[in-house]
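Colleague: Return a 3D structure for these sequence lines:
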Amino acid sequence: MLLLTLGTAAGGGVPQWNCACPGCSGARTHPSRRRSHDSIAVLGPDPSSWFLVNAGPDVADHLEAHTRLRPGPGEGRTPVVRVLLTDAELDHTIGLLRLREARHVEIHATAPVRQALRERLALDTVLAPYTTLTWHDLPATDQSPSVVAGIEVSAVHLSSKRPRYAADAPAQGAWVVAARLHDPSHGTTALYAPALAEWSEGFGKAVAGSDCVFVDGTFWDDEEPRRMGISTRTSTDMGHLPIHGSEGTAGRLASMSARCLYTHFNNTNPLVDPSAPEHGTLAGLGLEVAQDGMVIEL
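Modeller: Numbering: from 1, shown residues only. Take a look at the predicted model:
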């Protein structure tokens, strides 16, 4: 199984168009610091077959940037694009509109996410004149997994946090999940969790049973959103466990045997500056900061 880290930023990217914080200003001055919206591509045993986990507004650029994801020799167009969704947030789903040139788009999502996209955002109606959508259920880990491009996929329930456009929807069900990706041909497993509101027993078990884990790195510490003036709520209140501090995930991840990488960085996170001392803190714990364009083979 090959994992292509397409993007590593939270909603808005780095830099965010309307922001002049140190992270955004630094990315404008140093283009190498730019980060696109978080997403990964997964390649299974058949190198010509792949799928995406999340599709943000940068999805077309992501696909064009990697030769493995472009149409193959003799193909007039990419025949099908497969997408797994970890939630219904706009920064993880709005790219589905940019995939309208595909002949066929297959979407794997949990029931609440599927319902929100079909009823609240009317994706079926909007995209019907352009392409064919096929919806598939993303099963929980205690059910038989789906097989996508030779990879067994399932969902680890994380929270019932709804996107703002569906704030009045029932606050129950698997609105936010981690994508569990298992390669039966090599016996390896990856876990992708860009939005983590709490460290549940189920999530801890999933991390312990994985070889590689991508974890929510939106904010460095709990007070970052308030300190930077972007919110009156803490990181935890916003549905993102911070990296550092008493509620942080770094201490838990450091004890795991899996290769652990942070992703989904907000533009205010000091980790978007490669010279920030926080990088050394994570390195000392054996943890990594994911970068756009990384390739990981499992």
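
Colleague: how about Glu152, phi and psi?
Modeller: Main-chain torsions, Glu152, degrees, to the nearest 10: phi -80, psi 120.

Colleague: State the number of residues packed around it.
Modeller: Glu152: 17 surrounding residues under other CB atoms under 10 Å. (Each C-beta comes from the backbone N, C-alpha and C, glycine too.)

Colleague: same thing with Arg114?
Modeller: For Arg114, the tally of surrounding residues (other CB under 10 Å) stands at 19.

Colleague: hang on, it in a helix?
Modeller: Yes: checked against DSSP: H, G, I helix; E, B strand; the rest coil, Arg114 lies within a helix.

Colleague: which residues sit in contact with it?
Modeller: Contact criterion CB atoms under 8 Å, 6 or more residues apart in numbering gives 107, 135, 137 as the residues in contact with Arg114.

Colleague: Which of these fall in strands?
Modeller: For the contacts of Arg114, membership in strands holds for 107, 135, 137, with DSSP state E as the criterion.

Colleague: By neighbours, which of the residues you listed wins?
Modeller: In terms of neighbours by other CB under 10 Å, these top out with Ile107 at 23 neighbours.

Colleague: Quick check: bridge partners of that one?
Modeller: Judged by DSSP bridges, the bridge partners of Ile107 are Val83, Trp135.

Colleague: Report the separation between it and Asp211.
Modeller: Note on Ile107: its distance to Asp211, by CB to CB, to the nearest Å, is 26 Å.

Colleague: Over to His279?
Modeller: Using CB to CB, His279 is found at 23 Å from Asp211.

Colleague: now the strands for the stretch 1-150 of the chain?
Modeller: Counting by DSSP state E, counting those that start in this stretch, residue ranges of the strands within the stretch 1-150 of the chain are 2-7, 39-43, 50-53, 81-84, 104-109, 132-137, 146-148.

Colleague: Reformat these as a markdown table; add mean pLDDT and distance to Ala283.
Modeller: Formatted as a markdown table, the strands of the stretch 1-150 of the chain follow (pLDDT from 0 to 100; distance: least, CB to CB, whole Å):
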| stretch | mean pLDDT | distance to Ala283 |
| --- | --- | --- |
| strand 2-7 | 98 | 18 |
| strand 39-43 | 98 | 22 |
| strand 50-53 | 97 | 26 |
| strand 81-84 | 97 | 30 |
| strand 104-109 | 97 | 35 |
| strand 132-137 | 98 | 39 |
| strand 146-148 | 97 | 34 |
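
Colleague: would you turn the ones you listed into a markdown table with distance to Val207?
Modeller: Below are the strands of the stretch 1-150 of the chain laid out as a markdown table (distance: least, CB to CB, whole Å):
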| stretch | distance to Val207 |
| --- | --- |
| strand 2-7 | 16 |
| strand 39-43 | 17 |
| strand 50-53 | 16 |
| strand 81-84 | 18 |
| strand 104-109 | 21 |
| strand 132-137 | 24 |
| strand 146-148 | 21 |
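
Colleague: among those, which is nearest Val289?
Modeller: Comparison of the strands of the stretch 1-150 of the chain against Val289 by CB to CB identifies strand 2-7 as nearest, at 10.9 Å.

Colleague: thinking again about what came up before, closest to Glu152 among the ones in strands among the contacts of Arg114?
Modeller: Distances from these to Glu152 were compared by CB to CB; the smallest belongs to Asp137, at 14.3 Å.

Colleague: surely that closest one meets Ile107?
Modeller: No: using CB atoms under 8 Å, Asp137 is not in contact with Ile107, being 10.3 Å away.

Colleague: Now do the contacts for Gly204.
Modeller: Going by CB under 8 Å, 6+ apart, Gly204 touches Arg252.

Colleague: Double-check that it belongs to a helix.
Modeller: Yes: using three-state DSSP, the secondary structure at Gly204 is a helix.

Colleague: Test for you: state the pLDDT assigned to it.
Modeller: At Gly204, the pLDDT value in this model is 97.

Colleague: And it, how far from Pro47?
Modeller: Note on Gly204: its distance to Pro47, by CB to CB, is 33 Å.

Colleague: now Arg98
Modeller: Following CB to CB, the distance that separates Arg98 from Pro47 is 24 Å.

Colleague: Mind checking which of the two has more residues around it?
Modeller: Neighbour comparison, Arg98 and Pro47: the larger count goes to Arg98, with 17 against 11 (by other CB under 10 Å).
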